[in-house]
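Peer 1: I would like the atomic coordinates for the input below:
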Amino acid sequence: MISLSNVTKQFGESILFENASFQINPGQKMGLVGPNGAGKSSLFRLIMGEESADQGQVSKPERLVISYFSQDVGEMSGRSVLNEVLSAAEKITRLQIRMKEIEQILEKSAEEPIDDDLMASLLEEYGEGQSFFETRGGYELEPAAKRILTGLGFKPSDLNEPIESFSGGWKMRAALAKVLLVNPDVLLMDEPTNHLDLESILWLEHWLIDFKGAVLMTSHDRDFMNRIVSKIVSIEQRKVIVYGGNYDFYEKERQIRLDQLLSAHKRQEDMLAKEHEFISRFAARASHAAQVQSRVKKLEKIERIEIPAEQQRVKFIFPKAPRSGNDVVKMENIGKTWTKENGQQNRVFHGITGMVRRLDKIAIVGVNGAGKSTFLKVISNQTDATEGKSTMGASLTMGYFSQHALEVLNPSATVLEEIQTRNPDLTLGSARSLLGAFLFPGDSVHKKVSVLSGGEKSRLVLAGILSRPVNFLVLDEPTNHLDIVSREILMEALQEFEGTIVIVSHDRHFLRQIANRVFEIHDGELRTYEGRYDEYLERVESQISQLS
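Peer 2: All right, here's what the predicted structure looks like:
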């Protein structure tokens, strides 16, 4: 269906990938992986025809329908949410109008006969149009748009609201709904789960599993990738390699290949060392001149085995957390109401009573807008409750992370200076070791904060929090902006953390490895689940399956 043959793509002086060849076949679902800057977005744009290959060829059928969801949603205004999504199907709407025109011509032909060739042409056009119209779901566009929007978290009352009145995250959902509505032959998706809550992620999973077309997508959500894709396209060391399996299979297979490569590299290095030793020893002897020259020529012809520049995983021993009291946070009938700029009041939650106990690892869950972040702010004393009482226990030292923390980083400081400011007790060696553990190796500690990506800033703030001897962590979406490798590093750090954690995240794999209790905020009230996150997830997935 789509074929890339010996494609080379350059960005400036840098070669992203060369001689890349792979196919996207009908109905095939594939994951696209690679480090930041490897060329994943360029690969999407090549397939879309928005960029050209420097060498090689991208082949696809002329009438193939491809939809592309990217993080750049563009301008959205002047329409309701529903009409914005329906605008993605303008081609189908225009086709419907044309089919009606042909029907009228054919009806009149009974009274006013038309040329046989024209009649044949109209009938052929009508037949092809009707087939396309049916395939793309033209007969039920509006009901389908409503179903998709509801699945992605919009309430029925939202659908007629102006799209410009919604936040960027909700506009992203509308943009996702637009590409799904078209029901394309091929769906290209760049991080589709960003800005989605658990319920919407599960709904999208079911939709994609049932989707008959092909999919090529990137995602930092390991579970999402594992459940949908059956192949991984990996951009590594300027090559594109296809692995036959999901993300877990790719990770294991890639490690096996890397181990084999390292063994081959060592054998080659040993052989080269012996050859160089022979050349050095006998270079000055006339009796061995022919042999020396022969070996020099042999070495020149040998293709050197390259080892990928793997991200080094530095182990950092985090400071031992001082012991807190057994009661970490006591909540007595707490509620929170925000007053909007227009004076209107928004009651987020009410009547919450419960206890956060020492060594609890609590996942806070609920749909977007349920009040999860507000709940974290109340129990960590970042804001006061408007009803009831929230009391923090004895001997607590708290680390609090939110997306707002990224905004208070000093843009003119270096990474090293920022971490030393946040924890002056760190020695230079400890600071470098800590930063290495959070993927700031070597000279990268001298990068200015102002040039860091969102993921790098998140890692820097989290490193600063975990470097101090805290015993209570309150983390609001710490996995946002983090790729899979960075999430694994944070997950391992939290698994070793000897204190209490309350966390909001939509990453199921991440929460599954950490949480031993679940607090769900639902319709302004708190539901407590005494058990692991897996058990809660099974219940939610069962409910989503029944609705799908």
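Peer 1: got phi/psi on Gln57?
Peer 2: With angles defined as degrees, to the nearest 10, Gln57 sits at phi -140, psi 140.
Peer 1: swap that for Ile15, sorry
Peer 2: For Ile15, the backbone dihedrals (degrees, to the nearest 10) come out as phi -90, psi 120.
Peer 1: tell me, how many residues neighbour it?
Peer 2: 13 (other Cβ atoms under 10 Å). Every C-beta, even on glycine, is put in place using the N, C-alpha and C of the backbone.
Peer 1: mind listing what it touches?
Peer 2: Ile15 makes contact with 8-9, 238 under the criterion Cβ atoms under 8 Å, 6 or more residues apart in numbering.
Peer 1: Asp221 now?
Peer 2: By Cβ under 8 Å, 6+ apart, the residues touching Asp221 are 193, 201, 506-509.
Peer 1: how about 6 Å then?
Peer 2: Shown in contact with Asp221 (Cβ atoms under 6 Å, 6 or more residues apart in numbering): Thr193.
Peer 1: buried residues in the longest helix along the chain, which are they?
Peer 2: In the chain, with assignment by DSSP state H, the single longest helix is helix 247-282. Buried positions in helix 247-282, judged by neighbour count with 16 or more other Cβ atoms under 10 Å: 247, 249-251, 253-254, 279.
Peer 1: mind giving me JSON lines with these and columns for distance to Glu269?
Peer 2: Below are the buried residues of helix 247-282 laid out as JSON lines (distance: Cβ to Cβ, whole Å):
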{"residue": "Tyr247", "distance to Glu269": "32"}
{"residue": "Phe249", "distance to Glu269": "30"}
{"residue": "Tyr250", "distance to Glu269": "28"}
{"residue": "Glu251", "distance to Glu269": "27"}
{"residue": "Glu253", "distance to Glu269": "25"}
{"residue": "Arg254", "distance to Glu269": "22"}
{"residue": "Ile279", "distance to Glu269": "16"}
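Peer 1: make CSV out of those residues and add pLDDT and distance to Lys320.
Peer 2: Converted to CSV, these look like this (pLDDT from 0 to 100; distance: Cβ to Cβ, whole Å):
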residue, pLDDT, distance to Lys320
Tyr247, 95, 34
Phe249, 96, 38
Tyr250, 95, 36
Glu251, 92, 31
Glu253, 94, 38
Arg254, 90, 35
Ile279, 89, 55
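Peer 1: closest to Ile484 out of the residues you listed?
Peer 2: Closest approach to Ile484 among the buried residues of helix 247-282 (Cβ to Cβ): Tyr247, at 7.8 Å.
Peer 1: does the residue nearest to the closest one when sequence neighbours are not counted sit in a helix or strand, and which one?
Peer 2: Nearest residue to Tyr247 in three dimensions, chain neighbours excluded: Met225, at 4.3 Å (Cβ to Cβ, 6 or more residues apart in numbering). Assigned by DSSP states H and E, Met225 belongs to helix 222-228.
Peer 1: that helix packs against which elements?
Peer 2: Other helices and strands packing on helix 222-228, by 3 or more Cβ pairs under 6 Å, 6 or more residues apart in numbering; DSSP states H and E, are helix 247-282, helix 508-514.
Peer 1: wait, the residue nearest to Tyr247 touches Gly31, no?
Peer 2: Yes: here Met225 reaches Gly31: they are 4.9 Å apart, a contact under Cβ atoms under 6 Å.
Peer 1: in strands, which of the contacts of Ile15 fall?
Peer 2: 8-9 (DSSP state E).
Peer 1: what subset of the contacts of Ile15 is buried?
Peer 2: Buried among the contacts of Ile15 by 16+ other Cβ under 10 Å: 9, 238.
Peer 1: what is the mean pLDDT for stretch 478-492?
Peer 2: Confidence for stretch 478-492, expressed as mean pLDDT, is 88.
Peer 1: gap between the two ends of that stretch?
Peer 2: End-to-end span of stretch 478-492 (Cα to Cα, to the nearest Å): 14 Å.
Peer 1: which of the residues in that stretch are buried?
Peer 2: For stretch 478-492, by 16+ other Cβ under 10 Å, it's 478-484, 486-491.
Peer 1: for stretch 230-243, same thing?
Peer 2: So for stretch 230-243, counting by 16+ other Cβ under 10 Å, buried means 231-236, 238, 240-241, 243.
Peer 1: what's around Ile148, how many residues?
Peer 2: Neighbour tally, Ile148, other Cβ under 10 Å: 22.
Peer 1: that one sits in which helix or strand?
Peer 2: Assigned by DSSP H and E, Ile148 falls within helix 141-151.
Peer 1: now that helix: buried residues?
Peer 2: Buried positions in helix 141-151, judged by neighbour count with 16+ other Cβ under 10 Å: 141, 144-151.
Peer 1: all the helices of the stretch 351-500 of the chain, residue numbers only.
Peer 2: Ranges of helices within the stretch 351-500 of the chain are 372-379, 404-407, 415-422, 428-437, 454-466, 484-496, based on DSSP state H, counting those that start in this stretch.
Peer 1: how near is the closest residue to Asp483 other than its chain neighbours to Leu475?
Peer 2: The shortest distance from Asp483 to any non-neighbouring residue, by Cβ to Cβ, 6+ apart, is to His220 (5.3 Å). Using Cβ to Cβ, to the nearest Å, His220 is found at 17 Å from Leu475.
Peer 1: do Ile92 as well
Peer 2: 44 Å.
Peer 1: just Pro113 next, same as before
Peer 2: 76 Å.
Peer 1: okay, those two: which has more neighbours?
Peer 2: Taking neighbours as other Cβ under 10 Å, Pro113 and Leu475 compare with Leu475 leading, 22 against 9.
Peer 1: identify the residues contacting that one.
Peer 2: Applying Cβ under 6 Å, 6+ apart, the residues near Leu475 are 401, 503.
Peer 1: figure out the helix or strand that the residue nearest to Phe11 when sequence neighbours are not counted lives in.
Peer 2: Sequence neighbours aside, Ser42 is the residue nearest to Phe11 in space, at 6.7 Å (criterion: Cβ to Cβ, 6+ apart). Following DSSP H and E, one finds Ser42 within helix 40-48.
Peer 1: one more: Arg98?
Peer 2: Using DSSP H and E, Arg98 falls in helix 90-108.
Peer 1: quote the end-to-end distance of stretch 373-391.
Peer 2: End-to-end distance of stretch 373-391: 18 Å, with Cα to Cα as the criterion.
Peer 1: so which bits of it are buried?
Peer 2: Buried, per 16+ other Cβ under 10 Å, within stretch 373-391: 373-380, 385-386, 388, 390.
Peer 1: list of residues touching that stretch?
Peer 2: Stretch 373-391 is contacted from outside by 329-337, 348, 400, 474, 476, using Cβ under 6 Å, 6+ apart.
Peer 1: average pLDDT for it?
Peer 2: Here stretch 373-391 scores 94 as its mean pLDDT.
Peer 1: same question, stretch 56-63
Peer 2: On average, stretch 56-63 scores 92.
Peer 1: equivalent analysis for stretch 194-202, please.
Peer 2: Per-region confidence: stretch 194-202 scores 89 on mean pLDDT.
Peer 1: got a list of contacts for that stretch?
Peer 2: Contacts of stretch 194-202 with the rest of the structure, by Cβ under 6 Å, 6+ apart, involve 152-153, 169, 172, 193, 367-368, 506, 541, 544.
Peer 1: in strands, which of the contacts of stretch 373-391 fall?
Peer 2: Per DSSP E, those map to strands at 329-337, 348, 400, 474, 476.
Peer 1: can you select the buried ones from those residues in ChimeraX?
Peer 2: The ChimeraX selection below is limited to those of these classed as buried (16+ other Cβ under 10 Å):
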select :329,330,331,334,335,336,348,400,474,476
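Peer 1: quick check: next helix or strand after the helix holding Ile148?
Peer 2: Once helix 141-151 ends, the next helix or strand along the chain (criterion: DSSP H and E) is helix 168-181.
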